[in-house]
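[1] Sequence first, then the predicted structure:
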Amino acid sequence: MDMKRDWTLPGLTVGFALIAVVGTLVLPDWLMALTVNSFSRALAVLGLMVLWRCGLVSFGHALYYGLGAYVVALLGKDWGISEVLITLPAAALLSGLVGFGIGFIMRRYREIFFAMLSLAFSMVMYGILVKTEALGSTDGFSIEQPSFMGWTPEDATEKLHTIFLMLCFICWAVAALVHRYLQSTLGNLTRAIRDNEIRVEYLGISAQHAVHIKYVMSAALAGLGGAMLAISLGQVDPDSMVNWPVSGELVFVTILSGPGSVVAPFIGSVLFELIRTYAFEWVPGAWQLIVGATLLVIIFFLPGGVWSLISRAIGKREDL
Amino acid sequence: MDFATAITILIDGLVFSSYLFLVSVGLTIIFGVMKILNVAHGSFYAWGAYTSAYLIGIWSNSGLPDAGTFLMIAVAALLVGVVLGLFLERCLIQFMYGRDEVIIVLATFATFLILEDLILVVFGVDPYFAYQPMMVLGSTQIGGIMRDVYSLTLIGLAAVVGLILWVGLTKTKWGRLLTAVIHDREISVAMGIDVTKVFILTFVLGAVLGALGGAYVAPTVSVAPGFGIDVIVLSFAVVVIGGMGSIPGAIIGALIVGIARAIAVHKLPEVELFVVYGVMVAVLVFRPEGLFAPAKARKI
């Protein structure tokens, strides 16, 4: 255990408080919307990061991302429930439950098989969604205006600001919880599992069990992220939420962020969204090219992600 | 189900299976030899299709007989496969050997994104139509349904490609070298096999096959941006079902997926996509190494 003081929790608290305050005061609407999108994605990436620390890459977390989004949308459509205090936990819970079920299968697989099987599961969901007329097929459908503790914002700006503040709080809480988890015995096992599973078993711990827990966690987080995205976009559809390039994008941001800290996904997501936005603005025909090139650069020259730059800058020992 | 429907399903299934085999056999060869799951395979496919449509357009505009457009398809496949395959292997893949398999997948995913946009830069955003080869062959009637002969020739092409690969792998010296590398790379090096050369050739071969799939399909569809995206997961499914790295596996996988999909399309259209990936899940759950891949000894 590192004897140096762990600054992650105070850092998170101060950081998100600052973002919330400064963001509300100075951020123009488009940048705030960009931050909301990034942070929604970051929640899913946080879960993928936990898996990534075990050496597992899921190419199918769009399954839970989309599931969370559709849960929110359907709660509003079929039951008229738009209260975020209900829809958000419901999305996370249901994604976690589905993850729990699928996890019994996933936990037996590693490496490329883990990636492929998760891809297959997500494509099953995609296949169902695009063929379901009642859910708008490939077009998806728009969702109800969200209400926050009974209060419904009147215009778009008000809604955006509310979502922004709420998201800052959620991200802070979730990041803190995941951080605490990673500090625990089970959380510390992530690296052990990646390095040598057989030795983990000799310690008397079931590696499969540990992987299962992390899988459920990541599923619930992806569901929460997807739900947040659906609420802020006001619309769900299979191609931008469940199809495999979405999973690829989530993995990309995970690699871009790096596994070093729970803060990394938030920085990585904002960075990704900025790269994409500016690439789209400067060279509209070639934004994928820029995104792809960035990914290659990260893989070759920065295996620890952008976080490794930061941790080096603040003089922290390289964690992974 | 009456007889006519059964025939229709069978032919549709066979055509689609042949298509699937063509697009996924390159993927499985590359995986078998190099242990690389190549997402950029979809790019070979898309580039092959664009190049073929483009060349066919030039050929028929120059007033030459339309039968020659078939030559253009072959030229497109070779051109794209050799140039793009060689370029990728030398400039990217060769630096990835020995790294984590999933990292390599990500690197090829990045390559796919890059190549996807390069298509737009080179060919523009407008769709291409290259129906000439289809016109040449005309259509015929089978079981009371008009079919274009061109699609039916897919079955023949798939059979020829499969046969060539089978003979090449089992009867020639090169095939045996390849098999040796597949089984144990280190021993192969020790035995004096130039593994680097084998890898380059394998990658180019896989690229040519991927491009051929796209090039041959191009006349039957409109070649538009985003052409390669669906093919990637579809060919993944085929390869995974049959067993990654196995050519007989790719045949079986293609047949299973192709026929299952044809049945779904005719009998229960709502589950069309679900069937493909449902089979993939089922196979992975019960036999993760695929139906045909030989069991591997566990290395500790």
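    Arrived safely.
[2] ranges for the strands of chain B?
    With DSSP state E as the criterion, chain B has strands at B:139-142, B:145-148.
[3] Point out the most buried one among those.
    Of all the strands of chain B, strand B:145-148 carries the top mean neighbour count, a mean of 13, counting by mean count of other CB atoms under 10 Å in any protein chain shown. For glycine as for every other residue, the C-beta is placed from the backbone atoms N, C-alpha and C.
[4] Name the spans of chain B whose pLDDT lies under the cut-off.
    Scanning chain B for pLDDT under 70 picks out B:1, B:143-144, B:293-300.
[5] again, only this time at 90
    Across chain B, the ranges flagged by pLDDT under 90 are B:1-20, B:22-43, B:48-82, B:84-159, B:161-163, B:165-203, B:213-300.
[6] closest to chain A out of the strands of chain B?
    Counting by CB to the nearest CB, chain A lies closest to strand B:145-148 out of the strands of chain B; the figure is 24.1 Å.
[7] still on that earlier bit, want to throw the strands of chain B into TSV with distance to chain A?
    Listed next are the strands of chain B as TSV, based on distance: least, CB to the nearest CB, whole Å:
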stretch	distance to chain A
strand B:139-142	28
strand B:145-148	24
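[8] Can you show me the helices along the chain?
    Picking chain A for this. A:8-26, A:29-53, A:62-79, A:84-106, A:111-130, A:156-183, A:185-195, A:197-202, A:207-233, A:238-241, A:244-257, A:264-282, A:287-301, A:305-313 (DSSP state H).
[9] was after chain B, sorry
    B:3-34, B:41-61, B:69-91, B:101-123, B:132-137, B:149-171, B:173-183, B:185-190, B:195-217, B:229-242, B:247-267, B:272-286.
[10] any chance of these in a markdown table, with mean neighbour count and distance to residue A:119 too?
    Shown next, in a markdown table, are the helices of chain B (neighbours: other CB atoms under 10 Å in any protein chain shown; distance: least, CB to CB, whole Å):
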| stretch | mean neighbour count | distance to residue A:119 |
| --- | --- | --- |
| helix B:3-34 | 23 | 14 |
| helix B:41-61 | 26 | 14 |
| helix B:69-91 | 20 | 22 |
| helix B:101-123 | 21 | 10 |
| helix B:132-137 | 18 | 34 |
| helix B:149-171 | 15 | 25 |
| helix B:173-183 | 15 | 24 |
| helix B:185-190 | 13 | 26 |
| helix B:195-217 | 24 | 19 |
| helix B:229-242 | 26 | 7 |
| helix B:247-267 | 22 | 15 |
| helix B:272-286 | 20 | 9 |
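[11] and the ones you listed as TSV, adding distance to residue A:252?
    As requested, the helices of chain B are exported to TSV (distance: least, CB to CB, whole Å):
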stretch	distance to residue A:252
helix B:3-34	21
helix B:41-61	16
helix B:69-91	19
helix B:101-123	7
helix B:132-137	38
helix B:149-171	34
helix B:173-183	30
helix B:185-190	29
helix B:195-217	23
helix B:229-242	15
helix B:247-267	28
helix B:272-286	22
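[12] just so I know, which of those lies nearest residue A:35?
    helix B:101-123 (23.9 Å; CB to CB).
[13] Chain A contacts on the stretch 101-250 of chain B?
    With the criterion set to CB under 8 Å from any CB of the partner chain, the stretch 101-250 of chain B comes near chain A through B:101-103, B:105-107, B:109-114, B:116-118, B:120-121, B:125, B:229, B:232-233, B:236-237, B:240, B:244.
[14] what do you get if the cut-off is 7 Å, keeping everything else the same?
    Residues of the stretch 101-250 of chain B lying close to chain A (CB under 7 Å from any CB of the partner chain) are B:101-103, B:105-107, B:109-111, B:113-114, B:116-118, B:120-121, B:229, B:233, B:236, B:240.
[15] still on that earlier bit, want to throw the helices of chain A into TSV with mean pLDDT?
    Output for the helices of chain A, formatted as TSV (pLDDT from 0 to 100):
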stretch	mean pLDDT
helix A:8-26	79
helix A:29-53	86
helix A:62-79	86
helix A:84-106	86
helix A:111-130	84
helix A:156-183	84
helix A:185-195	76
helix A:197-202	80
helix A:207-233	88
helix A:238-241	82
helix A:244-257	86
helix A:264-282	86
helix A:287-301	85
helix A:305-313	78
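[16] Go through those and name the closest to residue B:72.
    Judged by CB to CB, the one of the helices of chain A that comes nearest to residue B:72 is helix A:287-301, at 27.5 Å.
[17] Run the angle between the closest one and helix A:244-257 for me.
    Computed by axes from the mean of the first three to the mean of the last three CA atoms, to 10 degrees, the angle separating helix A:287-301 from helix A:244-257 equals 40 degrees.
[18] And helix A:287-301, what does it pack against?
    helix A:244-257, helix A:264-282, helix B:101-123 (3 or more CB pairs under 7 Å, 6 or more residues apart in numbering or on different chains; DSSP states H and E).
[19] contacts for the longest one?
    Here helix B:101-123 makes contact (CB atoms under 7 Å, 6 or more residues apart in numbering or on different chains) with A:57, A:111-112, A:115, A:248, A:251, A:255, A:285-286, A:288-289, A:291-293, A:295-296, A:299, B:35-40, B:42-43, B:46-47, B:50, B:54, B:88, B:92, B:96, B:225, B:228.
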